[in-house]
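Asks: Just to be clear, the model below is a prediction. Sequence and coordinates:
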Amino acid sequence: MSKLLVIDTETGGLDPLRDSILSIGAVVWDDGRLGDSFEVYVLEPTLQIDNKAMEVNRISLPWLYQHGLTPVDAVNQFVDFIGRNFKRYQDTRDKIPIVGHNVNFDVGFLKRLFSLAGQDYDEVFSHRVLDTAGILRFLNLARKISIPGAGSTAAFDYFHIDINSSERHTALADARATGQLLTKLVALIK
């Protein structure tokens with residue numbers, strides 16, 4: 001399957017067992033082309049946030065209280081988006097493969113969101129994920145690239161992926177940039 005779902009989340013902290021998920025961004029990656037995209041803001045019943053995280057994601061809490069969706073509504077919209085873009089999932093409930101940069105972080109928060117919504121993450125998404133940070137580390141070890149570390153900022157700079165500074169650390173813009181990064185990484189191996 002060449003069709004993948006690239007995701008990013010913005011969160012109220014680093015621990016998905018404790019901290020709130022605030023937004024999800026997703027873009028469909030289809031054999032190197034970025035397609036349909038999705039973004040939703042989440043208002044958990046009780047927000048658990050850290051001030052340092054809020055400085056990074058710059059999400060306004062008054063705005064979130066006004067525009068954030070409940071976990072149930074956020075998951076329902078996300079699953080609808082998946083159904084529209086992944087025909088096999090719609091027809092056979094094939095599980096969706098996820099891509100992200102340090103993707104296990106995002107997966108932890110998606111699992112939190114699905115749990116809050118009373119839905120099973122594992123019924124929608126594959127247990128197999130693709131991590132662009134891991135690919136970068138491998139390519140560094142193989143001496144195919146020379147990039148210090150595997151952070152997203154260094155990767156976007158190295159591969160000349162432009163992201164508007166006002167959109168950086170928004171879930172959708174970071175998901176799009178990660179999709180572009182995946183395309184450039186795949187091109188290195190071809």
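Replies: Thanks, I have the structure now.
Asks: Which parts of the chain are helices?
Replies: 51-57, 61-67, 71-85, 87-92, 103-116, 121-124, 132-141, 152-158, 171-189 (DSSP state H).
Asks: any idea which of these scores lowest on pLDDT?
Replies: For the helices of the chain, the weakest mean pLDDT is recorded on helix 87-92, namely a mean of 65.
Asks: From one end of stretch 135-147 to the other, what's the distance?
Replies: Taking CA to CA, to the nearest Å, stretch 135-147 runs 12 Å from one end to the other.
Asks: what about the helices of the chain, which gets the closest to D8?
Replies: helix 171-189 (4.0 Å; CB to CB). Using the backbone N, CA and C atoms, a C-beta is placed for each residue, glycine as well.
Asks: what comes into contact with that closest one?
Replies: Applying CB atoms under 8 Å, 6 or more residues apart in numbering, the external contacts of helix 171-189 come out as 4, 6-10, 23-27, 29, 32-34, 37-39, 99-101, 130, 132, 135-136, 139, 144-145, 152, 155-156, 159, 161, 163-164, 167-168.
Asks: circling back to that earlier point, make JSON lines from the helices of the chain and add mean neighbour count and distance to L14 to it.
Replies: As requested, these are exported to JSON lines (neighbours: other CB atoms under 10 Å; distance: least, CB to CB, whole Å):
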{"stretch": "helix 51-57", "mean neighbour count": "13", "distance to L14": "7"}
{"stretch": "helix 61-67", "mean neighbour count": "12", "distance to L14": "18"}
{"stretch": "helix 71-85", "mean neighbour count": "18", "distance to L14": "19"}
{"stretch": "helix 87-92", "mean neighbour count": "12", "distance to L14": "30"}
{"stretch": "helix 103-116", "mean neighbour count": "20", "distance to L14": "8"}
{"stretch": "helix 121-124", "mean neighbour count": "14", "distance to L14": "19"}
{"stretch": "helix 132-141", "mean neighbour count": "17", "distance to L14": "15"}
{"stretch": "helix 152-158", "mean neighbour count": "17", "distance to L14": "15"}
{"stretch": "helix 171-189", "mean neighbour count": "20", "distance to L14": "16"}
